[in-house]
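Engineer: For reference, the sequence and a predicted model appear below.
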Amino acid sequence: MKSVNLTQLATEGRNPNTLDLDKSSPRQIARKINREDFNAARAVKAANKEIAAVMLLAAQAYAHKHKIIFIGAGTSGRLGILEAVECVPTFGTKPSQIIGLIAGGKKAVFRSQEGAEDDAKQGAKEIARAAKKDDLVIGLTASGRTPYVMGALEQAQKQGSRTALISCNPLAQCPAAEVHICLPTGPEALSGSTRMKAGTATKMALNAITTGAMTLCGKTYGNLMIDVQPTNQKLIARAIRLICTVSGADEKTAARLLQASGKNVKTAVVMHKKQVSKPEAEKLLARQKGFLTKVIDD
């Protein structure tokens, strides 16, 4: 097996602020870890330009019915899957349009499959199967070198997919990525444990990308989760509250509208604000590509 040189990876360095971690009290450990966590937010702030660029790529892919694919290994792969899964109830996306792939497959979500990350050919194979031209493939790797992810991005580039990389390594080399979101979080409080602030920074960047992309695609109204899917009691209550807030209807009317609209908050709001039927409300929204503000705020 080819040896890996980790000396140039910032995420593998030894953090001078936590050298005495094992001699610290619980309160001191908490403070030291929290102090390091602030670097995650700073790293994300420094990468806002690149995050915005990937956000736009994601919005363009989604608007044209192409896929958005997150692919990674270990913590990075699990974060990508989490992001993809959460888009469904939050924004009403199709499960097949925003997906996450992880080295080692589904079993790796629950039990570590560490060796799987070294298989560049498998990464390429999975992207060849999952992605098509103009889909967006976002590689996730704290080290910026994971073979599984690099293989996936190279394959994505070959077949005409759009590509991006999120890493925590300023020295990462990935010609296959159109945009590199570098999150320089530095050495972890526990050396090499990138599930910590590297993972936190990656999650923050993913939150911004998906929320921003969906906002650009008309899936919010102001800062309201207007395309929420009311699939449980909490979300039904949220949907009713949203209808009340945006349309001015009382709670009883909002509950009735939610049912009459087929449990679609935007449709319910338009039905009330424009005093139209469900089919007419759907037509009005379709004309404006789903942007509620363009229907009710004109």
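Structural biologist: It's in. Numbering: from 1, shown residues only.

Engineer: what residue is smack in the middle of the protein?
Structural biologist: Leu206 (3.5 Å; C-alpha atoms, centre = their mean).

Engineer: How about Thr220, nearest residue that isn't a chain neighbour?
Structural biologist: Ile226 (5.8 Å; C-beta to C-beta, 6 or more residues apart in numbering). To be clear about C-beta, it is placed using only N, CA and C from the backbone, and glycine gets the same treatment.

Engineer: swap in Ala53?
Structural biologist: In space, Ala53 is closest to Val179, 4.9 Å off (C-beta to C-beta, 6+ apart).

Engineer: Identify the residues contacting the one you found.
Structural biologist: Glu50, Ala53, Val54, Leu57, Thr163, Ala164, Leu165 (C-beta atoms under 8 Å, 6 or more residues apart in numbering).

Engineer: Just these: which are in helices?
Structural biologist: Glu50, Ala53, Val54, Leu57 (DSSP state H).

Engineer: The lowest-mean-pLDDT helix or strand in the chain: which residues count as buried?
Structural biologist: Ranked by mean pLDDT, DSSP states H and E, the helix or strand of the chain with the weakest confidence is helix 107-110, at a mean of 92. Neighbour-count burial for helix 107-110 flags Ala108 (criterion: 16 or more other C-beta atoms under 10 Å).

Engineer: Helix or strand next in line after that helix, which one?
Structural biologist: helix 120-130 (DSSP states H and E).

Engineer: counting contacts, what elements does the helix or strand following that next one pack onto?
Structural biologist: Next along the chain after helix 120-130, taking DSSP H and E as the criterion, comes strand 136-140. On a contact count with 3 or more C-beta pairs under 8 Å, 6 or more residues apart in numbering; DSSP states H and E, strand 136-140 meets helix 48-63, strand 68-72, helix 74-91, helix 147-158, strand 162-167.

Engineer: how about those, which one is nearest Asp119?
Structural biologist: helix 147-158 (5.6 Å; C-beta to C-beta).

Engineer: Over that closest one, what's the mean pLDDT, rounded is fine.
Structural biologist: Taken as a whole, helix 147-158 carries a mean pLDDT of 97.

Engineer: Stretch 17-32 too?
Structural biologist: Stretch 17-32 comes out at a mean pLDDT of 95.

Engineer: which residues are in contact with that stretch?
Structural biologist: Ile33, Arg35, Glu36, Ala189, Leu190.

Engineer: which of these has the most neighbours?
Structural biologist: Within the contacts of stretch 17-32, neighbour counts (other C-beta atoms under 10 Å) peak at Glu36, which reaches 21 neighbours.

Engineer: any idea of the pLDDT on that residue?
Structural biologist: At Glu36, pLDDT is 94.

Engineer: Phi and psi next, for it.
Structural biologist: Main-chain dihedrals, Glu36, degrees, to the nearest 10: phi -70, psi -30.

Engineer: Now do the contacts for it.
Structural biologist: Here Glu36 is in contact with Asn15, Asn17, Thr18, Gly186, Glu188, Ala189, Met196, Lys197 (C-beta under 8 Å, 6+ apart).

Engineer: which two in those are spaced the farthest apart?
Structural biologist: Asn17 and Met196 (13.0 Å).

Engineer: which residues are common contacts for those two?
Structural biologist: By C-beta under 8 Å, 6+ apart, the residues touching both Asn17 and Met196 are Glu36, Ala189.

Engineer: Show me which of these two is the more surrounded one.
Structural biologist: Taking other C-beta under 10 Å, Asn17 and Met196 do not tie; Met196 has more neighbours (20 against 12).
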